[in-house]
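K.L.:
Kindly generate the corresponding structure for this input.
(one chain, ligands or ions: 1)
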Amino acid sequence: MTDKYAVIGNPISHSKSPQIHKLFAEQTSQDISYDPILSPLHGFTSTIKRLVSDGYKGCSITLPFKFEAFQISQHLSESAQASQAVNTLKFDENTIYGANTDGSGLVRDIQHNLGFTLKERRVLLMGAGGAAYGVIPTLLSAGTNLSIVNRTFNSAQRLAEHFETLGNISILKYEELGSQAFECIINATSSSITNEMPPLPNGIFSPDALAYDMMYGRDTPFMRFAREQGADLVSDGLGMLVEQAAEAFFIWRKVRPETTPVILEIRKQT
Ligand code: NDP
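P.N.:
Presented below is the predicted three-dimensional model:
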């Protein structure tokens, strides 16, 4: 019998997860279906209850439900516990297991696919929203020397307090960035969605730096700025999207798909 999975978000029509999981299923000969499901903004819990009673085995969670998915989970992976955000749910005999695969997806894309080692690198993460919360525990475990900058300084302070037991994070204001250079800058803001650019100063990239935008599917103002500023490696977030999906697929199916051909295929389609 075909096992049913889904991705839940609002909006959802833009999601590439159905194509990604279809390719994983074909590659690994797994008999699954995977649907995009639009949840009402104030109806996330009832959407999940409906999926469970309809016999779904699990789902991916995207904007804006990752914190609500954390609340609804009865068991949590270590990274979901640390970030308090969940992007993968697995439904098992009346229990809901929540995991967060965004951090491992990001770090695997950077280290394995792009070949950039994060250990002891000066990393600047821009943003203090759901995406930042999801990836910080894994960035700290990878041994980065981590700084955060956010438009609303109070949110960055709250974030640093939240993670203070996991490691040391420097909190900065955009105005303070002038005198520093970073070996890796990750854009975890939603500025690229509106074609905006966080106010980074000239000279912010060290030689051989990586510029990584979590946004995917198009060239962004941040990626163009990074190239102009001489960043050595410039990447969008498609690899992260595919890697976090592969980790979710493994949680559900105990089979690990190969990601490189899927990244290439999805890039061709966009
Ligand atoms: P949130 O809405 O939770 O957070 C948005 C963040 O962006 C806030 O910190 C906000 O700052 C900041 N921001 C928004 N506009 C600007 C701007 N013009 N200049 C500077 N900062 C700005 O979004 P998420 O954290 O959930 O998502 C962020 C991005 O990451 C999205 O583009 C999303 O698509 C992407 N993403 C990609 C994934 C992948 O697999 N590739 C996975 C998860 C997310 P403030 O606090 O001041 O409002």
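K.L.:
Okay, now the unreliable bits of the protein?
P.N.:
Filtered on pLDDT under 70, the chain yields no residues whatsoever.
K.L.:
measure Ser77 to the ligand for me?
P.N.:
In this view, Ser77 and the ligand are 16 Å apart by C-beta to the nearest ligand atom, to the nearest Å. C-betas here are computed from N, CA, C, even on glycine.
K.L.:
what's stretch 106-116 in contact with?
P.N.:
117-118, 135, 138-139, 142, 184, 186, 210, 212, 214, 233, 235, 237, 239-240, 242-244, 247, 259-260, 263 (C-beta atoms under 8 Å, 6 or more residues apart in numbering).
K.L.:
how about stretch 34-50 against the ligand, any contact?
P.N.:
No - using C-beta under 6 Å from any ligand atom, stretch 34-50 never reaches the ligand; the gap is at least 13.5 Å.
K.L.:
Note down every partner strand of the helix or strand where Leu210 lies and its orientation.
P.N.:
Element membership for Leu210, per DSSP states H and E: strand 205-213. Strand 205-213 pairs in its sheet with strand 182-187 (parallel), strand 233-235 (parallel), by DSSP bridges.
K.L.:
Could you single out the most deeply buried of those strands?
P.N.:
Most buried of the strands paired with strand 205-213 by mean neighbour count (mean count of other C-beta atoms under 10 Å) is strand 182-187; its value is a mean of 26.
K.L.:
Tell me if it is near the ligand.
P.N.:
No - applying C-beta under 6 Å from any ligand atom, one finds strand 182-187 separated from the ligand by no less than 7.7 Å.
K.L.:
Which strands or helices does whichever helix in the chain runs longest pack on?
P.N.:
Under DSSP state H, the helix in the chain containing the largest number of residues is helix 238-253. If contacts are counted by 3 or more C-beta pairs under 8 Å, 6 or more residues apart in numbering; DSSP states H and E, helix 238-253 sits against helix 17-28, strand 58-61, strand 88-92, strand 95-99, helix 102-108, helix 260-269.
K.L.:
Noted, bye for now.
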